[in-house]
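> sequence first, predicted coordinates after that:
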Amino acid sequence: MLTSARNTLYGTVDSVITGAVNSELILSLGSEKLVATITNESVKNLEITIGSSAYALIKSSSIILAKTKPTRISARNVLAATVSDVIKGAVNAEIKMNIGNTTLTAIITNESCEELMMKQGDEVYAIFKASSVIIGML
């Protein structure tokens, strides 16, 4: 499978909470948990069950970075990560991070990169909404 999404995170479905239209999925990524909201129809079509192996696709531009763990925010996903590389371009910077053995990439503006003083080895938090996650099944 080829996609334009920079991030593919593999995990196991821990729970499925079904609502009127959408369901909330929680994927275990090892030490971290990821939350996704998808339609009930997608849960049915993908035959998602607890214990299923799945993957989450997240666009790098959907990820917000913070140096301190945010509290009281509406985004459901706040993943602890370690910066492995900072690549500055003309306008944006590509921040590569490690979450365990998984690489996660975020694209932020150069101005934000400078304000956060992003550098290799920094501990950061990758933040994104549950609705920014696309789920696929293995």
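Received, thanks. Quantities reported herein were computed from a predicted structural model and do not represent experimental measurements.

> chain center to the one helix or strand Val16 maps to, what's the gap?
For Val16, the host element (DSSP states H and E) is strand 7-18. Offset of strand 7-18 from its chain centre (CA atoms, centre = their mean, to the nearest Å): 11 Å.

> tell me which residues are up against it.
23-30, 33-34, 40, 43, 48-60, 63, 99, 102, 104-105, 138 (CB atoms under 8 Å, 6 or more residues apart in numbering). Glycine gets a C-beta too; all of them are placed from N, C-alpha and C.

> now, which of the residues you listed lie within helices?
Asn40, Val43 (DSSP state H).

> and Met137, bridged to which residues?
Counting by DSSP bridges, Met137 forms beta bridges with Ala54.

> residue numbering should commence at 54 henceforth.
Got it, first residue is 54 now, which makes that one Met190.

> so what's it up against?
Applying CB under 8 Å, 6+ apart, the residues near Met190 are Leu99, Glu100, Ile101, Ser105, Ser106, Ala107, Tyr108.

> list buried residues within the contacts of strand 60-71.
76, 78-80, 82, 87, 96, 101, 105, 107-113, 116, 152, 155, 157-158 (16 or more other CB atoms under 10 Å).

> what about stretch 123-134, start to end distance?
14 Å (CA to CA, to the nearest Å).
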